[in-house]
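Enquirer: here you go, sequence then predicted model.
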Amino acid sequence: MTSVLPDSPSAMTAIDWLALVHPVLIILFVYPVVGATIRLGILVREKRLGITRQPDLVPVEHAAHGAWVTAGVVVAVLIAMLSSLLAHGWASGGVPRLLALGLVIGGTLAALLALLRVRRAALRAACALLCWAGLLGLGSQPEIGRLSDNPFSAGFWSSHYWSGVLLSGLLLFTTAARPEIIRLPRLRRLHLTLNLLVMVLLAVQAITGTRDLVQMPLIPKTPLAQRCDPPASGCMQTPRSAMPAH
Ligand code: HEM
Ligand code: HEM
């Protein structure tokens, strides 16, 4: 059987390496910070209920770690989308499309940075919505593959893309609602419920992301993928947008 692995790492193109940045960033940065955020969240609760004595910095640190998780996830998702777009020749629609996609990526990043800075509730909500809309807009491009867009099909629920954008949306909402979570007991309870879902989705992403890494060559059409022997190895030759994966 022909090996799907390159003879040496130098066989990988710059786009292959860029595609690796998404899982590496999530594994090396996001998941460790998620662990710290959850532990700090438990300490915040113990402090509030008087179960243990905790420094006043614990709630502040929990929210700061949470904001880093949100920022890490959004940046990692943008990198995944950028690498998919580049791998499939995002210039296919000509200069206007290139400019529009560049603007959406820049605007999404700007909205994320603004979300971490602005104070007024309406501005926080607008920045979070703009950031999420940017991810959804980029995700709707044909270069970004999805198993199914039909919520009544099994493919939709096992899609790495759809659970990824749902997770990003929940994190953006939580980050936007920080002051209200501190002030309003009802929102604090909602925060707890939503973040139980966030933890499940983080586990789902780890499983479906690893599945996708195993199932597909990173970038079809690049030299690395062209070395595959489809009948023997099952690697794919169609663009990822047309592939039955993730
Ligand atoms: C992995 C996800 C997360 C989990 C499991 C989690 C868990 C918790 C828990 C258990 C509490 C204490 C609730 C209580 O007192 O009963 C809490 C409070 C809080 N969380 Fe999270 N959280 C998560 C993510 C986030 C994120 C992403 C942010 C925002 C960026 C955030 C902001 C806050 C804030 C502002 C509070 C209130 C702190 C205070 O009372 O001063 N959390 N969280
Ligand atoms: C917080 C967790 C994660 C989120 C929110 C997330 C989100 C996403 C999104 C929205 C995409 C679609 C972009 C595109 O297709 O271009 C994507 C792609 C990808 N992700 Fe993740 N991901 C996460 C974790 C992981 C992990 C842990 C791995 C691997 C160990 C992984 C591997 C991949 C791969 C290989 C792709 C490209 C192929 C595909 O679209 O499925 N992801 N991710």
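Expert: Arrived safely. Residues are numbered from 1 along each chain as shown. Ligands and ions are numbered 1, 2, ... in the order given.

Enquirer: got a list of contacts for stretch 49-66?
Expert: Residues from elsewhere that reach stretch 49-66 (CB atoms under 8 Å, 6 or more residues apart in numbering): 33, 36-37, 40-41, 43-47, 171, 174-175, 178, 182. Every residue, glycine included, has its C-beta placed from N, CA and C.

Enquirer: what residues of it count as buried?
Expert: V58, P59, H62, A63, H65, G66 (16 or more other CB atoms under 10 Å).

Enquirer: and the strands in the protein?
Expert: Taking DSSP state E, the chain contains no strands at all.

Enquirer: near ligand 1, which residues of it are found?
Expert: For the chain, the residues in contact with ligand 1 (CB under 6 Å from any ligand atom) are 34, 37-38, 41-42, 44-45, 48, 59, 62-63, 66-67, 69-70, 171, 174-175, 178, 181-182, 188, 191-192, 195, 198-199.

Enquirer: quick one on the thing from earlier: out of the contacts of stretch 49-66, which end up buried?
Expert: Using 16+ other CB under 10 Å, the buried members of the contacts of stretch 49-66 are V33, T37, L40, G41, L43, V44, R45, K47, L171, T174, T175, R178.

Enquirer: so what pLDDT did the first one get?
Expert: pLDDT for V33: 98.

Enquirer: go ahead and confirm it touches T70.
Expert: No. When contacts are counted by CB atoms under 8 Å, V33 is not listed as touching T70 (10.0 Å).

Enquirer: phi and psi next, for R119.
Expert: The phi and psi values for R119, taken as degrees, to the nearest 10, are phi -110, psi -40.

Enquirer: what's the neighbour count on it?
Expert: R119 has 7 neighbours, counted by other CB atoms under 10 Å.

Enquirer: in this structure, which residue is most central in space?
Expert: V77 (3.7 Å; CA atoms, centre = their mean).

Enquirer: ok, the residue of the chain found nearest ligand 2 to L115 distance?
Expert: Residue nearest to ligand 2 within the chain: G209 (2.3 Å; CB to the nearest ligand atom). Per CB to CB, to the nearest Å, G209 is found 25 Å from L115.

Enquirer: ok, now T52?
Expert: As judged by CB to CB, T52 and L115 stand 32 Å apart.

Enquirer: now swap in L98 and tell me
Expert: 26 Å.

Enquirer: so for the two, which residue has more residues nearby?
Expert: Applying other CB under 10 Å to L98 and L115 shows that L115 carries more neighbours, namely 24 against 14.

Enquirer: pretty sure the more buried one sits against L172.
Expert: Yes. Counting by CB under 8 Å, L172 is a contact partner of L115 at 7.1 Å.

Enquirer: joint contacts of these two?
Expert: Joint contacts of L115 and L172 (CB under 8 Å, 6+ apart) are A128, C131.

Enquirer: so does stretch 136-152 get close to ligand 2?
Expert: Yes. Stretch 136-152 is in contact with ligand 2 by CB under 6 Å from any ligand atom, via I144, G145.
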